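Asks: Predicted model follows, preceded by the sequence.
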Amino acid sequence: MGKKDNNRDINEWYNEIKLERQIGSYQGVFMEGVENLNFFGIVLTLAISLGTVVWGVNIYNQKGTWFLAGWNTMSKEEKATYNEKAICHLFGKCVIFCGIGAFLLLYGSFNHNDFVLCVGLGIIAIMVILSIIMPKINPKKYRQYKS
């Protein structure tokens with residue numbers, strides 16, 4: 001009776017090892033997509049960050065202002081109260097730095113580097129806050145008052 005129990009234990013142990021090896025080989029199949037994810041991550045990171053930087057340069061040069069939120073909905077009289085060149089320079093710089101921040105954020109995300117991800121997120125947050133606060137801090141630079 002003891003020998004049969006030992007044989008059964010050995011067979012169960014052997015089947016467990018065999019199953020673990022099969023699962024391990026399946027895990028290898030599932031992990032093959034990681035190379036594609038890295039390539040996808042590289043393409044996505046470059047596309048988003050370069051697109052944002054190009055858009056920021058266009059805004060800085062006063063092109064593409066139609067893509068700024070709220071600018072199209074303003075009347076001509078309301079637009080005339082703003083210094084368009086200064087506004088475009090401010091938002092252009094902010095969007096360029098947001099593109100750099102997006103690159104760092106996505107690069108850190110795809111490479112599991114939390115420090116780089118947080119630096120990118122911080123750059124984006126600072127640029128968004130500055131784009132809101134700067135026109136309020138220095139209204140003479142960004143508004144045109146008629147006397």
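Replies: Yep, that arrived.

Asks: from here on, contacts and neighbour counts on C-alpha atoms
Replies: OK.

Asks: Any regions of the chain where pLDDT drops low?
Replies: 1-8, 13, 17-37, 146-147 (pLDDT under 70).

Asks: try it again with 80
Replies: 1-41, 64-67, 69, 71-72, 111, 144-147 (pLDDT under 80).

Asks: how about the helices in it?
Replies: Counting by DSSP state H, the chain has helices at residues 2-31, 33-60, 76-79, 84-110, 114-137, 139-142.

Asks: can I get these in CSV with distance to residue 68 and mean neighbour count?
Replies: Listed next are the helices of the chain as CSV, based on distance: least, Cα to Cα, whole Å; neighbours: other Cα atoms under 10 Å:
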stretch, distance to residue 68, mean neighbour count
helix 2-31, 42, 11
helix 33-60, 9, 17
helix 76-79, 13, 11
helix 84-110, 9, 22
helix 114-137, 12, 16
helix 139-142, 15, 15
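
Asks: JSON lines for these, including distance to residue 66?
Replies: Shown next, in JSON lines, are those (distance: least, Cα to Cα, whole Å):
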{"stretch": "helix 2-31", "distance to residue 66": "44"}
{"stretch": "helix 33-60", "distance to residue 66": "9"}
{"stretch": "helix 76-79", "distance to residue 66": "12"}
{"stretch": "helix 84-110", "distance to residue 66": "11"}
{"stretch": "helix 114-137", "distance to residue 66": "17"}
{"stretch": "helix 139-142", "distance to residue 66": "18"}
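
Asks: nearest to residue 69, of the ones you listed?
Replies: helix 84-110 (11.1 Å; Cα to Cα).

Asks: Next, the angle from that closest one to helix 114-137.
Replies: 160 degrees (axes from the mean of the first three to the mean of the last three Cα atoms, to 10 degrees).

Asks: for helix 84-110, packing partners?
Replies: Counting contacts by 3 or more Cα pairs under 8 Å, 6 or more residues apart in numbering; DSSP states H and E, helix 84-110 is packed against helix 33-60, helix 114-137, helix 139-142.

Asks: which residues touch the last one?
Replies: Helix 139-142 has contacts (Cα atoms under 8 Å, 6 or more residues apart in numbering) with 82-84, 86-87, 135.
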